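J.: Give me the fold of what follows.
(one chain, ligands or ions: 1)
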Amino acid sequence: MNVIDTAIPEVKIIEPTVFGDARGFFFESFNEQQFRKQTGVTLPFVQDNHSRSTQGVLRGLHYQIERAQGKLVRVVNGTVIDVAVDLRQSSPTFKQWVAVELSADNHRQLWIPPGFGHGFVVTSESADFLYKTTDYWFKAHERSIRWDDPELAINWGVTPSMVLLADKDKQALFLNEAELFE
Ligand SMILES: Cc1cn([C@H]2C[C@H](O)[C@@H](COP(=O)(O)OP(=O)(O)O[C@H]3O[C@@H](C)C(=O)[C@@H](O)[C@H]3O)O2)c(=O)[nH]c1=O
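T.: Sure thing, here's the model as predicted:
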């Protein structure tokens, strides 16, 4: 696997080594030893999630204010633009974001550490999104920040009128109203 730095040092793109042959392909989608060695991340993963979304669906920007989750995310069908936003007020990259295309074809994964908001928008007909998390889900600690907050000015690469949101994300807070990390 290959680890690629992003504009935010703790957010990393992981490119697995894919072995293609006449049958199709094979790759190790997660190897704890390699992941630890090459990213320096030693947090254990405790939950695996799978969501399916249709074109234009945007899930985000989500985080847990307590029991913050690190996430290792990837796509096994379709294409998304995946976004990580630094919500740690003491961080030199506070309020900065990275957007990375993840697809079934590029096999890319994104490591998003605890303390970040996370979201993605589906740019293909549908997308199957898989991710590992470093802590469990706690409904009481869930928070959502508006995907289109002008203070963040995230370039999602999609036409805003095409975006489909859950009610909770329509009611999400602006960054300046939200509870953030120290
Ligand atoms: C996130 C989650 C949801 N659920 C349930 C709650 C709800 O009934 C249903 C759908 O949940 P949501 O609408 O919150 O799903 P979704 O909007 O896909 O939430 C996810 O979005 C992405 C961007 C993330 O980063 C994740 O951490 C998570 O917040 O699944 C669980 O049982 N376990 C979980 O870990």
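J.: all contacts plus neighbour counts: C-alpha atoms, from now on.
T.: Will do.
J.: In contact with residue 93: list those residues for me.
T.: By C-alpha atoms under 8 Å, 6 or more residues apart in numbering, residue 93 lies in contact with 8, 86.
J.: Checking it next. Helix, strand or coil?
T.: With DSSP: H, G, I helix; E, B strand; the rest coil as the basis, residue 93 sits in coil.
J.: Name the residue closest to the centre of this structure, please.
T.: residue 118 (4.8 Å; C-alpha atoms, centre = their mean).
J.: wouldn't that residue be in contact with residue 86 here?
T.: No: using C-alpha atoms under 8 Å, residue 118 makes no contact with residue 86, being 9.1 Å away.
J.: Give the buried residues for stretch 140-150.
T.: Within stretch 140-150, the residues that count as buried by 16 or more other C-alpha atoms under 10 Å are 143, 144, 145, 146, 147.
J.: can you pull the contacts of the third one?
T.: So that's residue 145. Neighbour list for residue 145: 60, 61, 62, 117, 169, 172, 173, 174, 175, 178 [criterion: C-alpha under 8 Å, 6+ apart].
J.: The second one falls within a strand, correct?
T.: Yes: secondary structure of residue 61, determined by three-state DSSP: located in a strand.
J.: what's the neighbour count on it?
T.: By the measure other C-alpha atoms under 10 Å, the count of residues near residue 61 is 22.
J.: Residue 57 now?
T.: Counted with other C-alpha under 10 Å, residue 57 comes out at 20.
J.: please begin residue numbering at 32 from this point
T.: With the count now opening at 32, the last piece we talked about shows up as residue 88.
J.: Give me the phi and psi for the residue lying closest to it once chain neighbours are set aside.
T.: Counting by C-alpha to C-alpha, 6 or more residues apart in numbering, residue 88 lies nearest to residue 195, which is 4.5 Å off, once chain neighbours are set aside. When quoted as degrees, to the nearest 10, the phi and psi of residue 195 stand at phi -110, psi 130.
J.: So residue 195 versus residue 89, what's the distance?
T.: To residue 89, residue 195 is 6 Å away according to C-alpha to C-alpha, to the nearest Å.
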